[in-house]
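Asks: Predicted model and sequence follow; I will ask about them next.
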Amino acid sequence: MPYQTVKGTYDLLPDQMVRFNMLADLFRQFLNLYGYSEIKTPVFEYTGVFQKENDTSDMVTKEMYTFSPNGKDSLTLRPEGTAGVIRSFVENKMYASSEFPVKLGYIEEMFRHERPQKGRQRQFTQMGVECLGEKDPLIDAEVIALGFFFIKTLGLESVKVLINTLGDSESRLGYKKDLIDYFAPHKEELCYDCQNRLEKNPLRILDCKIDREADIVKNAPKMRLTDASAKYFEDVRHYLDVLGVPYEIDDRLVRGLDYYTDTVFEVVSTNEASGSQATIFGGGRYDDLVKEMGGPQMSGIGFAIGVERLMILCEAEEVFDIKKSLDCYVINLNRDPDYAFAVAEELRSNSFSTEMDYYRRSLKAQFRASERKNARFVLIIGEDEVKDDVITLKDTLTKAQETVKREELVDRLDQLMEDYYE
Ligand code: HAM
């Protein structure tokens, strides 16, 4: 049996790679537009970077690829981007920057041992941002806008922004108590995971995939926000309005990771092609993570887009308009390929993407190849052309054919390209 990819992993074949790169290029443009710099952190880190004491998230408790190559250090394949970026922010003392906030972006592979299904893999890619060092509702709104307008620029229609606030630590402490008091008498009715969450992180019960629709969960008490938190959330909403980002408030949006405080958000797809994995991206603010990682008390906010889920949605909404094309295809009709081979290389060194026939096929077969490759110019090199040091040049757009001296070829191609774009 030939080898196959490991369950939950996949190849990006050339066609998909073109799409992937298109998304990555546009995301990088957005990083630039909003003043973010790209960062790359290692694929594996010490386990403690991701695992905090009393962490209740599925990602940390069930899904991490943790290993110990020397029997001493515990290492983990990166399950998400935020923790590594903050480890780097602290390790490299970026918190001492004179320019705040520090805006970092990344496009990186992540690893989670989840049950694979459409839109959920064990190796996947996130495009994310982290904006560190300042807490201001303007920043929350701008981070959400960056993600939302990126999605919109792709031409995706069926997406909506959900936002919520988890309050500051004071609001949350009171709310945790309210929820424990409320759920404790109904503990038996909750799923196994939620029974465990009850004491440690009862907020997670609210968006549990299993219990979410149960009446006891639907009727759970709402959070009583402190005045400061309520005002913060009001301001975030106001600035989203100013920026023209439409949103819905979902007061049961809690998010799966434990580190969030105040603003949380998700962009979800309403297209049925996305199936059950409809969350295209999610994020939120975290007040305590920098400190927990050994840095000063500094807040941050960010999000991460699941690239595979985004690709599924882009396919479904047919936003990719990709037709691979080539500038020049060289048809060689001589037994000796030297002349044509050298012309092809000269074109590439002048930035014209170029291919030529390696097989000495018939003129017709080579023409067909040039069509398949969607070449703008076809260069025909037969015996006469080599003798006279000229090239027969066909412009497939105008259908015009001409004979060009080899030394003038590059200038002539430049001119034809320019004429077309004028
Ligand atoms: P997350 O919600 O765990 O957040 O993941 C963000 C996105 O990554 C999800 O919305 C989804 O699109 C994608 N994703 C997650 N797991 C998988 C999977 N197994 N297969 C395919 N796609 C997946 C975070 O990771 C946070 N670090 C986001 C963040 C950044 N919060 C603040 N800053």
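Replies: Nice, I can see it. Residues are numbered from 1 along each chain as shown.

Asks: Quick check: can you list the domain ranges of this structure?
Replies: 14-168+226-316, 326-421 (automatic domain parsing).

Asks: for the last one, what is the average pLDDT?
Replies: When pLDDT is averaged along domain 326-421, the result is 95.

Asks: next one: the longest one
Replies: The average of the pLDDT scores along domain 14-168+226-316 is 95.

Asks: which one of the domains of the chain is the most hemmed in?
Replies: domain 14-168+226-316 (a mean of 18; mean count of other CB atoms under 10 Å). Quick note: C-beta positions are derived from backbone N, CA and C, even for glycine.

Asks: Can that domain be said to contact the ligand?
Replies: Yes: Domain 14-168+226-316 lies within reach of the ligand by CB under 6 Å from any ligand atom, at 80-82, 112, 114, 119-121, 124, 126, 128, 130, 256-257, 279-284, 302-304, 306, 308-309.

Asks: Compute the first-to-last residue distance for that domain.
Replies: End-to-end span of domain 14-168+226-316 (CA to CA, to the nearest Å): 19 Å.

Asks: now stretch 240-248
Replies: End-to-end distance of stretch 240-248 (CA to CA): 11 Å.

Asks: Show residues contacting that stretch.
Replies: 141-142, 144-145, 148-149, 160-163, 237, 265 (CB atoms under 8 Å, 6 or more residues apart in numbering).

Asks: Mark which of those are part of strands, please.
Replies: If you go by DSSP state E, the contacts of stretch 240-248 have 160-163, 265 in strands.

Asks: Now distance to A96 too, for the residues you listed, in TSV please.
Replies: Shown next, in TSV, are the ones in strands among the contacts of stretch 240-248 (distance: CB to CB, whole Å):
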residue	distance to A96
K160	39
V161	34
L162	36
I163	32
F265	29
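
Asks: Going by distance to the ligand, which of those residues wins?
Replies: F265 (9.4 Å; CB to the nearest ligand atom).

Asks: So in terms of bridging, what pairs with the nearest residue to the closest one once chain neighbours are set aside?
Replies: Nearest in space to F265, with sequence neighbours left out and distances taken as CB to CB, 6 or more residues apart in numbering, is I163 at 4.5 Å. Using DSSP bridges, the bridge partners assigned to I163 are I249, F265.

Asks: i'd like the first residue to be 632 from this point on
Replies: Understood, numbering begins at 632; the last thing we discussed is I794.

Asks: For E801, which residues are in contact?
Replies: Here E801 is in contact with 857, 860 (CB under 8 Å, 6+ apart).

Asks: And for P710?
Replies: 681, 690-691, 694-696, 741-743.

Asks: Backbone dihedrals for V876, both of them.
Replies: phi -100, psi 110 (degrees, to the nearest 10).

Asks: typo on my end, G715
Replies: Torsion angles, degrees, to the nearest 10, at G715: phi -70, psi -40.

Asks: Please tell me how far the residue nearest to it when sequence neighbours are not counted sits from the ligand.
Replies: Take G715 and drop its neighbours on the chain: the residue closest to it by CB to CB, 6+ apart is T672, 3.8 Å away. Noted for T672: a distance of 12 Å to the ligand, by CB to the nearest ligand atom, to the nearest Å.
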